[in-house]
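>>> Okay, sequence plus prediction incoming.
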Amino acid sequence: MTDTASHTHTHGRIEYLDAMRGWAIFVMVWVHSTWLALGADKVYMWSFAVVYPMPVFFAVSGYLWSYKNRPGVPWRRWLKMLVLLLVGSLGYALLFGEDAWGMFSDMYYYWFFAALLLCELCQYGLDRLALGRTVRAALQVYIVGAVLLWNVFWWCMEDFGANRFGIPWADMESYWLFYAMGAMMGRDLKARRALTTWPMAAIGALLLAYGIYCGKGAGSPGGLAGGLGAVTLTWWAFRQLSIRTHRGASLLAWLGRQSLGVFLLSYPVLSWLLPLGLRVPRSWVDTTPRQWFAALAVAIPVTLLMAAATYLFKNFFKNLKFIHIQKI
């Protein structure tokens, strides 16, 4: 079964990839609920959180970047992401009394938009450099190899994961490898099939377990190994789900299509729930696995609410555009 066979009739998208992105964004909200909404002193899911959801999200983003074969420079998309970064950062500063200028030097919670934007800009630059100069087989090595060389260089300089030249590279460098891996899979059917077989999923499970056990976080060798395992295991699982159900997880796919809005809203919404979360018995917040279930109970309705708000917001502006065109 090809990926195009998983398209829905209404959206013309690869539904199981949207579902993977929806799952990743839900796990992000689930983990963040532990301390933002419940006020937990210790997050027992932390070692899992730093090696699982974001590598999956960035790999799918890289895949869709190359799969769609975007013509020209996607200025509108990059402008939208920049606006989300600015709105999120300024909104955070105003809501929580932080220094507004500091938001643009450290990015705080909204590092995600800066990292994803930098990945896309760098990938676009690599694509333009390679255009017409490499054969297809060599292109796959070039896509991932260039990122590995970048990472190895800054590791040797003992400056990996640091902001340089006034640009917030730190978080981008931790996830660029997964973005490049997704881009390689999007361009090469053989690479995608090889990386999404059940033996690779089994190896991925071991790598993910190793990354969680190391507990060193994103960007470390253990974190990179765990992230690669997360991508291969999750990709195989959702692809199998799509094959067996012929559509995949529709609700998760819908969440995936609202994922940027969910990320933008999650910090203030979860923080506003903290007064209620502090009423939850501490035995359910400061012990495991009770903490996981308590955070899950918060994450499910809150994620659906934020996704619905994002959906309505997007449709509102789509309808305005439609009305405007009709009047003309």
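Okay, I see it.

>>> quick one: Asp286 from Leu177, how far?
Counting by CB to CB, to the nearest Å, the gap from Asp286 to Leu177 is 35 Å. Backbone N, C-alpha and C define where each C-beta goes, glycine included.

>>> of the two, who's got more company?
The residue with more neighbours, out of Asp286 and Leu177 and counting by other CB atoms under 10 Å, is Leu177; that gives 24 against 17.

>>> Now do the same contact list for Trp46.
With CB atoms under 8 Å, 6 or more residues apart in numbering as the criterion, the residues that contact Trp46 are 31, 215.

>>> begin at 9 from here
With 9 as the first residue, the last one maps to Trp54.

>>> Could you point out which residue ranges in the stretch 9-158 of the chain have low pLDDT?
For the stretch 9-158 of the chain, the stretches flagged by pLDDT under 70 are 9-20, 76-79, 110-117, 139-146, 148.

>>> ok, which stretches of it are helices?
If DSSP state H, counting those that start in this stretch is used as the criterion, the helices of the stretch 9-158 of the chain fall at 23-44, 54-57, 61-75, 83-104, 108-114, 119-138, 144-164.

>>> Tell me the buried residues in the top helix by length along the chain?
Under DSSP state H, the helix in the chain containing the largest number of residues is helix 298-335. Neighbour-count burial for helix 298-335, counted by 16 or more other CB atoms under 10 Å, picks out 299-300, 302-303, 306-307, 310-312, 314-315, 318.

>>> what's the angle between it and helix 23-44?
On the basis of axes from the mean of the first three to the mean of the last three CA atoms, to 10 degrees, helix 298-335 is oriented at 120 degrees to helix 23-44.

>>> Below-threshold pLDDT in the stretch 209-336 of the chain: ranges please.
Within the stretch 209-336 of the chain, the stretches falling below the threshold (pLDDT under 70) are 254-256, 328-336.

>>> try it again with 80
Across the stretch 209-336 of the chain, residues meeting the criterion (pLDDT under 80) sit at 225-227, 253-257, 324-336.

>>> follow-up on the earlier one: now the longest helix of the chain, how far from the centre of its chain.
Offset of helix 298-335 from its chain centre (CA atoms, centre = their mean, to the nearest Å): 17 Å.
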